[in-house]
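S.K.: sharing a sequence plus its predicted fold:
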Amino acid sequence: MIRFKENNYNKIFVGLSNLIRYICGGDRLNRITKIVDELLTQTYLKKNRKLKILDFGCGSMEISKKIQNKNYVKQIVGSDIFKYRYVSNKLVYVDYDELFKKKEKFDIIFIVDVLHHIGVDDAHKTIRKLSKLSDNIIIKDHFEHGYLSRQLLRFVDFYANYGYGVNIPNKYFDKISWKKTLTKSNYREIFHNKNFQQHDGLFNFILNKKHHFVSLIVANE
Ligand SMILES: C[S@@+](CC[C@H](N)C(=O)[O-])C[C@H]1O[C@@H](n2cnc3c(N)ncnc32)[C@H](O)[C@@H]1O
């Protein structure tokens, strides 16, 4: 994500952290984009038509930019509480408030590393709102495994989001809270990768794959 909230004080930290990330296998986008791409391709094949996609909590739309030229894309709409007005042939940005007023329908939504910022206990409210827009949602988020794992996730979240002004959560999903979120949202999982390797090298060593999951959920009838 582009650090669009940069200022003079955090430029050095941001530059240094980008360098460390580059050297130590900290690129998060390659593998995430690949799995999002795979799940979108499956949906495209199932629906047998090009997809209208919502990138919810899109940030600077880095994932959308990478997939925008895929043959399954009809259009990708990005929306976030931060305003990022990137537009291209197939990408559009819609203001957060507008998104829910317009009630535009999408073939599928993807939500990458956003729900934990909204809050584990409130995530179902957001999914319920999004259920008015689509029956299919791809979610990438984190699982915590006890106190130390939670603090590690908080530290990495702080490091990854420094300069954005994004809320760092007090807790993350675990298997129980994730199941509850699905039940309260009235969705069910049709794909779940509970050990999703996001990083390489040192970054993968520090925050290994048990901390990341990817899910494809569909609305219950
Ligand atoms: C770690 S970034 C992920 C950005 C993008 N999805 C990606 O993977 O590159 C988290 C994003 O969640 C957004 N966010 C936080 N709270 C949100 C909310 N209540 N509704 C929508 N987006 C939110 C932030 O603005 C930020 O862009």
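M.R.: Thanks, I have it.
S.K.: how many neighbours does whichever residue of the chain sits closest to the ligand have?
M.R.: For the chain and the ligand, the shortest gap (Cβ to the nearest ligand atom) falls at G59, measuring 3.0 Å. For the C-beta atoms, the positions are set from N, CA and C on the backbone; glycine is no exception. When counting by other Cβ atoms under 10 Å, one arrives at 21 neighbours for G59.
S.K.: OK, contacts around the residue lying closest to L152 once chain neighbours are set aside?
M.R.: Excluding the flanking residues, the one nearest L152 by Cβ to Cβ, 6 or more residues apart in numbering is L207, at 6.4 Å. The neighbours of L207, taking Cβ atoms under 8 Å, 6 or more residues apart in numbering as the test, are L152, L153, V156, Q198, H199.
S.K.: could you rerun that using 7 Å?
M.R.: L152, V156, H199 (Cβ atoms under 7 Å, 6 or more residues apart in numbering).
S.K.: isn't F203 up against G25?
M.R.: Yes: under the criterion of Cβ atoms under 7 Å, F203 makes contact with G25 at 4.8 Å.
S.K.: what does stretch 130-147 contact?
M.R.: 32, 36, 39, 43, 54, 56, 103-113, 115-116, 127, 150, 153, 171-174, 185-187, 194, 210-219.
S.K.: what residues sit buried inside that stretch?
M.R.: Neighbour counts over stretch 130-147 (16 or more other Cβ atoms under 10 Å) mark 130-131, 133-144 as buried.
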